[in-house]
Every structure is written in C-alpha cells, then in structure tokens.
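Q: build me a structure from this.
(one chain, ligands or ions: 2)
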Amino acid sequence: MDLWTSFGSLLGLFAFIQTIMPVEYALGRLGSSLFDYLSWYNYFEVHEIVGINSNDLYSWVQIYLSSTAFTSAQRATLCIPKNSKKTNYTLANSGKVCDKFKGANVWWQHISDEYRQSQISFWGERPDEKRYYTLQISKRDRDRVLQDYIDHITTQAKKLEFLNKEKQLYTNSRSQHNYEFNRKPWESVPFEHPSTFDTLALDTAKKQEILNDLQEFMRGKEFYHRVGRSWKRGYLLYGPPGTGKSSMIAAIANFTGYDVYDLELTEVKSNAELRKLLIHTTNKSIIVIEDIDCSVNLSDRAKRKKEKTTSEMPAKPKGEDEESRVTLSGLLNFTDGLWSCCGSERIIIFTTNHIDKLDPALLRSGRMDMHIFMSYCTFPAFKILAQNYLLISDHELFPQIEAIIDTAMMTPADVSEILIKKRDSVTEDPTEALEVLIEALKAAKDKPKANEQGDFADGSKGVEATDMP
Ligand SMILES: Nc1ncnc2c1ncn2[C@@H]1O[C@H](COP(=O)(O)OP(=O)(O)OP(=O)(O)O)[C@@H](O)[C@H]1O
Ligand SMILES: [Mg+2]
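A: Numbers count the residues shown, from 1 in each chain. Ligands and ions are numbered 1, 2, ... in the order given. Coordinates of the predicted model:
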C-alpha cells in the first residue's frame, strides 16, 4: 500500500467517525479549528434559550423530530404527561437521528449540559441546564439545502402543533432554588375544563357582548399594529363567590383555544421574578391572576404616599423590602410596561370579590379594557342552568321562579348545587328539583342581605360589562 492510499483510507475513516459522533466537541480550540477546516461537515447549534428569550426554532425542531425523524432514533425519551392522552417523544441526551431532505443526509443530536462546573458560583448554586440541538450537514449540501430545510421544519412543526395541540394549564412553580426556577418557571397539565359560553349562565346580551369583544380581539392583528398598541386585552371579572368568574375564564380559554397561565402571585418573590415569568409565557395565551385583592398589597402605592406626607420618619429606602416581594408598580409594569409587549395576542384576566379594595391605578382606563360584573343568578341565567342540568327550556313552575329569583340573590353556584342534587335522572321529571329550588329561593329572600361579602357598590342584577375607552 503506497503513501497516498494509506492517507486516503485515513481520511475515509475520519469521515466515517464524523458521521457517528461530532468529535470536535471533545477537542481543544486549536484542534477544533483545524478539524473544522478539514471536516466534510458544518455544525449548527440551535439553543433552547438565546439571551433571556426562548428560541422558537428549538421548539420547532423538537416538534418536528418528535414525529418524522423519530422512527430512526436509537435513543429517545418517552413520556405521557399527566392527564394527557398522547405519548411525547424527545431525543435523549446525546441521542442522534438522521433525516433526509432533497437527497441530502442531515444529522440531529440533542445535547443537555446539566452541570457546567466552570459556572458554579461561590455559593455553590447549580447553574442552568443548557440544552441545544446540533445539526450536522455536509459542506457540499449546505448552501443548496440549509435554508429550505429550516423552512420545511418550521412549516411541518406548525402543522403538527396545530393537529396535536392540547391546551395547557400552567402554574408558576414553587421552587426553592433559582436554577430550577430559571430552567422551568411554569409547570403545566393539559387543560380540560368543560365550561363553555353555552354552559355559562349569563344574560344573553352580555354574553354576546363579551364574545364579540373576544372575536374582534382575535382578528385584530392589523388594527393593533396600525394604532400602535400591543396586541393584548385585559378583563377584570368581579362579583361574589360562586357567580362564575373561574367558569368564565375556562369558557374564554375554550373559545379562543389559548393556553392558560394561572399566576399564583403569592409565590412570586420579586418584581424581577414576575418579569421572568412573563417572558416565559407564549403568544396566544391567557394570563390569569385570581383574587387579585388577596394576592398583593394593592393599596401599597397610596399607603406609601400617605406615609411619606404624614410621618416625620424618613421614607424607607428602596432596598430589600421592595425587592423581596411583588409591588403594585411591579404588577402594573407586568400588565402594561414595556415588557408586556414581549409577546402578542395575550389576554390578561384579573378576578376579585372586592373591586372596592383595588387601587384606582389598576382600574384606570386602558389598563383593564373591560370590567365585567358577575352577578347573582337572574332568570335568564337560571334558564341556562335549567337547560344544562334538567334539559328543559320551559316548565309550569318557571313563572314562580321568575317572580322571586331577583330578590333572593342566590348565586349560580347555589342554584346549580340544588339542580344537580335533585335532578331525577331515572324518571327525568324536573318538578321536584324546581320545587326544592323555589323553597330555597324563598328562604334566601328572607335572609338579611346587608353587607354581603364583597359589599358591591352597584349591587345591580345582570352582568355589567363596562367597556373602557
Ligand atoms: N355563571 C355560571 N354559569 C354556570 N355555572 C356557574 C356559574 N357560576 C357558578 N357556576 C357553578 O358554580 C361553580 C363555582 O363557580 P366558579 O368557580 O366559576 O365561581 P367563582 O365566581 O370563580 O367563585 P370564587 O369567587 O369563589 O372563585 C362552578 O363549577 C359552576 O358549576
Ligand atoms: Mg373562582
């Protein structure tokens, strides 16, 4: 064997090794430059996080690989998320898969660097997990194939996501360690709440008004762009317990098909953490803060002003106290500030039982676009419940119910409880359920109603949906 033949075989072996493992990652910098120069291949890294933002391409690659190319993966991770019906496939750490596109072979490898020792801090905190895909493509095919291949992946992944999409319900994870929070600030389960606008007991006109508002919002991309506003909408749902605020949120999620981020504000340690949570929400989502009056000291701004003017003591310096919890201004920035524009097509919903306890800053025009009062059960709302639970749209006892339901001030939750307990599923006769309801309404009517929970200033019947200018 002459010298040239041995050199040729060596190069052949070299090329073969490269197809099975990207060895240059193991070599030092110098070696790797030389290797890059001699290599038949180019390598592209697609990182999960770029700067402080998540990388859409990483998600598209993940979705794409979990379907088409997966049949040939030698090492994969399988999981069925809690309450989900589907199996999720992802490439295992260092798992490799080959794909073909326009006659070219390309290889994907998934890398997860969990412990980068060099970044362990003095305090011993573990660093973030760094995850990325490496795309290996031959230099010969690169210019011909690369851009088209990336476009192909994105298109396919969007189609797959649409076909497989299960709405998710996210909640902010309670984490003792920063590295865990940074890695995964939200935990999710599939969203399966059955409430819809059909099952929601609300006056028809108001229901239609809310539906129209949502529809206009969803097709409003050009409008929001033209008028220079970020594409988001805020709803404040207020009313006594059991009037359907949470059911309304579920109905909005089912109507729009958006994911729901249920933000537990009391678990958020600082305004900075709140901002980070916001950054990690996706477009087309609903961000919910329930019982906003209980979650954060919403009158702190007013209080602090008062403290400043009345007390002789110097005002508290900005310091630990302010950084260790979420403040009203942090929350206002979350809903309205520059960071709130880092995504689009977002709905923000606050709920409260006590609208009078909220700081006026939260209620001012343009902040929450619509204030929706969820009231006690009215007759039109009762008719929807009767249809849902008893499958009837009319009955000889209805006039009696209509005569007293407004003064009884029972919540839809109370009415539903009676109908669900007393419905006769054997004979399907609704009479007994309606009679029990009439007795309950009469008893409720005679109960003193002074200063019920919530102390609603308007105390009116029906849903007062106020469009803010
Ligand atoms: N408007 C409504 N339409 C249909 N069902 C309702 C309505 N309001 C209440 N219910 C029924 O009562 C239950 C409780 O309602 P929901 O949790 O939506 O009330 P809420 O206003 O969020 O109460 P809270 O202020 O205590 O959170 C629901 O599961 C639903 O069955
Ligand atoms: Mg609720």
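
Q: around ligand 2, pick out the residues from the chain.
A: Contact residues (Cβ under 5 Å from the ion) of the chain with ligand 2: 245-246. The way it works is simple: take the backbone N, C-alpha and C, and place the C-beta from them, glycine included.

Q: show the contacting residues for Tyr376.
A: Going by Cβ atoms under 8 Å, 6 or more residues apart in numbering, Tyr376 touches 240, 243, 408-412, 461.

Q: out of the residues you listed, who has the most neighbours?
A: Ranked by neighbour count (other Cβ atoms under 10 Å), these have Thr243 at the top, with 26 neighbours.

Q: pretty sure that one contacts Thr378?
A: No - the pair Thr243 / Thr378 is not scored as a contact, 10.7 Å apart, by Cβ atoms under 8 Å.

Q: what's the domain layout of the chain?
A: 19-166, 174-312+322-469 (automatic domain parsing).

Q: in the longest helix along the chain, what's buried?
A: The longest helix of the chain (DSSP state H) is helix 139-164. The neighbour-count check on helix 139-164 (16 or more other Cβ atoms under 10 Å) flags 141-142, 145-146, 149-150, 152-154, 157, 160 as buried.

Q: report the lowest-confidence entry in these.
A: Within those, pLDDT reaches its minimum at Leu160, with 83.

Q: for it, what are its contacts?
A: Here Leu160 is in contact with 63-64, 67 (Cβ under 8 Å, 6+ apart).

Q: please spell out the ChimeraX selection for the buried subset of those residues.
A: Command for ChimeraX that selects the buried part of those, burial taken from 16+ other Cβ under 10 Å:
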select :63,64
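
Q: adding secondary structure and distance to Ala253, write the contacts of Leu160 out as JSON lines.
A: Converted to JSON lines, the contacts of Leu160 look like this (DSSP: H, G, I helix; E, B strand; the rest coil; distance: Cβ to Cβ, whole Å):
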{"residue": "Ile63", "secondary structure": "helix", "distance to Ala253": "22"}
{"residue": "Tyr64", "secondary structure": "helix", "distance to Ala253": "27"}
{"residue": "Ser67", "secondary structure": "coil", "distance to Ala253": "26"}
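
Q: how about residues contacting the host helix or strand of Val415?
A: Using DSSP states H and E, Val415 sits in helix 412-422. By Cβ under 8 Å, 6+ apart, the surrounding residues in contact with helix 412-422 are 201, 241-244, 376-377, 381-382, 385-386, 389-390, 432-433, 436-437, 440, 444.

Q: 6 Å - rerun?
A: Residues outside helix 412-422 that contact it (Cβ atoms under 6 Å, 6 or more residues apart in numbering): 201, 242, 244, 377, 381, 385, 389, 432-433, 436-437, 440.

Q: likewise for stretch 224-242?
A: So stretch 224-242 is contacted by 217, 245, 248, 341, 344-353, 355, 368-374, 411, 413, 453-454 (Cβ under 6 Å, 6+ apart).

Q: let me know the secondary structure of the spatially closest residue to Val61 that is not a sequence neighbour.
A: Leaving aside its sequence neighbours, Val61 sits nearest to Tyr133 (Cβ to Cβ, 6 or more residues apart in numbering; 5.2 Å). Three-state call for Tyr133 (DSSP: H, G, I helix; E, B strand; the rest coil): strand.

Q: how about the residues of the stretch 351-469 of the chain that lie near ligand 1?
A: Proximity of the stretch 351-469 of the chain to ligand 1 (Cβ under 6 Å from any ligand atom) is limited to residues 353, 374, 412-413, 416.

Q: try it again at 8 Å.
A: 351, 353, 374, 377, 381, 384-385, 388, 411-413, 416-417 (Cβ under 8 Å from any ligand atom).

Q: and which of the residues you listed is nearest ligand 2?
A: Nearest to ligand 2 among those: Thr351, at 6.0 Å, using Cβ to the ion.

Q: so that closest one makes contact with Gly244?
A: No - look at Thr351 against Gly244 with Cβ atoms under 6 Å: they stay out of range, at 10.4 Å.

Q: who's more crowded, the two?
A: More neighbours surround Gly244 than the other of Thr351 and Gly244, with 25 against 21 (other Cβ under 10 Å).

Q: which parts of stretch 201-218 are buried?
A: For stretch 201-218, the neighbour count (16+ other Cβ under 10 Å) marks 201-203, 206-207, 209-210, 213-214, 217-218 as buried.

Q: which of the residues you listed lies closest to Ile279?
A: Nearest to Ile279 out of these is Phe217 (Cβ to Cβ; 22.0 Å).

Q: who does the closest residue to the closest one other than its chain neighbours bridge with?
A: Using Cβ to Cβ, 6+ apart and skipping the chain neighbours, the partner closest in space to Phe217 is Arg233 (4.8 Å). Arg233 forms beta bridges with Ile347, as assigned by DSSP bridges.

Q: go on, Thr90?
A: Beta bridges link Thr90 to Thr77 when assigned by DSSP bridges.

Q: returning to what we had before: ok, the residue nearest to Val61 - contacts?
A: 46, 61, 108, 110.

Q: rerun that using 8 Å as the cut-off
A: Taking Cβ under 8 Å, 6+ apart, we find Tyr133 in contact with 45-46, 58, 61-62, 65, 91, 108-111.

Q: out of these, which are inside strands?
A: Mapping these onto strands (DSSP state E) picks out 45-46, 91, 108-111.

Q: can you tell me which of the domains of the chain the model trusts least?
A: domain 19-166 (a mean of 78).

Q: ok so, going back, if we check ligand 1, which of the buried residues of stretch 201-218 are in contact?
A: For ligand 1, the contacts drawn from those by Cβ under 8 Å from any ligand atom are 201-202.

Q: if we only consider the buried residues of stretch 201-218, which is nearest to Ala76?
A: Looking across those and measuring by Cβ to Cβ, the closest to Ala76 is Met218, at 36.4 Å.

Q: does the closest one touch Phe255 like I think?
A: No - with contact defined as Cβ under 8 Å, Met218 does not count as touching Phe255 (9.1 Å).

Q: residues from this structure in reach of ligand 1?
A: 195, 199-202, 237, 239-250, 290-291, 351, 353, 374, 377, 381, 384-385, 388, 411-413, 416-417.

Q: so among those residues, which ones count as buried?
A: Buried members of the residues of the chain next to ligand 1, counted by 16+ other Cβ under 10 Å: 195, 199-202, 237, 239-240, 242-250, 290, 351, 353, 374, 377, 381, 384-385, 411-412, 416.

Q: which of those fall in strands?
A: Using DSSP E, these in strands are 237, 351.

Q: spit out the contact partners of whichever residue of the stretch 201-350 of the chain sits closest to ligand 2.
A: Nearest to ligand 2, among the residues of the stretch 201-350 of the chain, is Ser246, at 3.3 Å (Cβ to the ion). Residues near Ser246 by Cβ under 8 Å, 6+ apart: 290, 351.

Q: distance of it from Asp113?
A: For Ser246, the distance to Asp113 (Cβ to Cβ, to the nearest Å) stands at 41 Å.

Q: which single one of the contacts of Leu160 is nearest to ligand 1?
A: Comparing those against ligand 1 with Cβ to the nearest ligand atom places Ile63 closest, at 33.5 Å.
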